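Student: Provided below are the primary sequence and the corresponding predicted coordinates.
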Amino acid sequence: MRPDLSRVPAFYHNYIGQVPENDLLEAFTTQTPAIIEFFENIPPDKYDYRYADGKWTVKEVLQHIIDAERIFGYRALRFARKDATFLPGFDENTYAENAKADKRDWNNLVSEFKMVRMSSEYLFESFDDDQLDAAGTANNNSIYVLGIGFVVVGHGIHHMKVLKERYL
């Protein structure tokens, strides 16, 4: 089932809208191979490319997807376990500035994405309906676990589309 958008902050609606599937596990099963294949086929001369000054490189975009997915997974785990602690936001630009993605090996980055995504798939697959319905507060916004799962999938799709349109 698709997430109830009234339970997800509006700034995540675009990511959820990127996901064509109505079932979260089906979305992971369908979209994960597509995004992995996409990253495996980016030509080496594009890894450090940025389309404008101040924009992230392709490596930085992939590192951002990895970092964000880890944070989303952590949030989902905390909320699924009924942890009511308010979680802080994160500054994606500060993360990108300090990730040192430019020093990373491309194949290592792609492998890391595969592992993080596999971990996300296992995590969300482990949740029952009650856990998927659990909510919490992150970055001063209420959100629930099913919504976070769709954000994870949609976030990767979103950045893949941006890379296709502006970088490749």
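Tutor: Okay, I see it.
Student: How about the secondary structure of residue 52?
Tutor: Under DSSP: H, G, I helix; E, B strand; the rest coil, the three-state class of residue 52 is coil.
Student: again, but for residue 56
Tutor: Secondary structure of residue 56, per three-state DSSP, is coil.
Student: tally of neighbours for it?
Tutor: By other CB atoms under 10 Å, the residues close to residue 56 number 22. In this view, the C-beta of every residue, glycine as well, is placed from N, C-alpha and C.
Student: residues in contact with it?
Tutor: Remark: with contacts taken as CB atoms under 8 Å, 6 or more residues apart in numbering, residue 56 is in contact with 50, 64, 96.
Student: just the residues you listed now: which is nearest residue 113?
Tutor: Compare each of these with residue 113 using CB to CB and the shortest gap goes to residue 64, at 10.8 Å.
Student: hmm, back to that, of the contacts of residue 56, which is the most crowded?
Tutor: Neighbour counts for the contacts of residue 56 were taken using other CB under 10 Å; the highest belongs to residue 64, with 19 neighbours.
Student: gap between that residue and residue 111?
Tutor: Taken as CB to CB, to the nearest Å, the spacing of residue 64 relative to residue 111 amounts to 17 Å.
Student: before we move on, what about residue 144?
Tutor: Spatial separation of residue 144 from residue 111 under the definition CB to CB is 31 Å.
Student: ok, the two, which is more surrounded?
Tutor: When neighbours are counted by other CB under 10 Å, residue 144 comes out ahead of the other of residue 144 and residue 111, with 20 against 12.
Student: I'd guessed the more buried one sits against residue 134; true?
Tutor: Yes - Residue 144 is within contact range of residue 134, at 6.4 Å (criterion: CB atoms under 8 Å).
Student: Pull up the overlap in contacts between those two.
Tutor: Overlap of the contact sets of residue 144 and residue 134 (by CB under 8 Å, 6+ apart) consists of residue 79.
Student: Next, residue 143: secondary structure please.
Tutor: Per three-state DSSP, the secondary structure class of residue 143 is strand.
Student: what ranges do the strands span in the chain?
Tutor: Taking DSSP state E, the strands of the chain run over residues 135-138, 141-144.
Student: out of those strands, which comes closest to residue 24?
Tutor: With respect to residue 24, and counting by CB to CB, the nearest of the strands of the chain is strand 141-144 at 12.0 Å.
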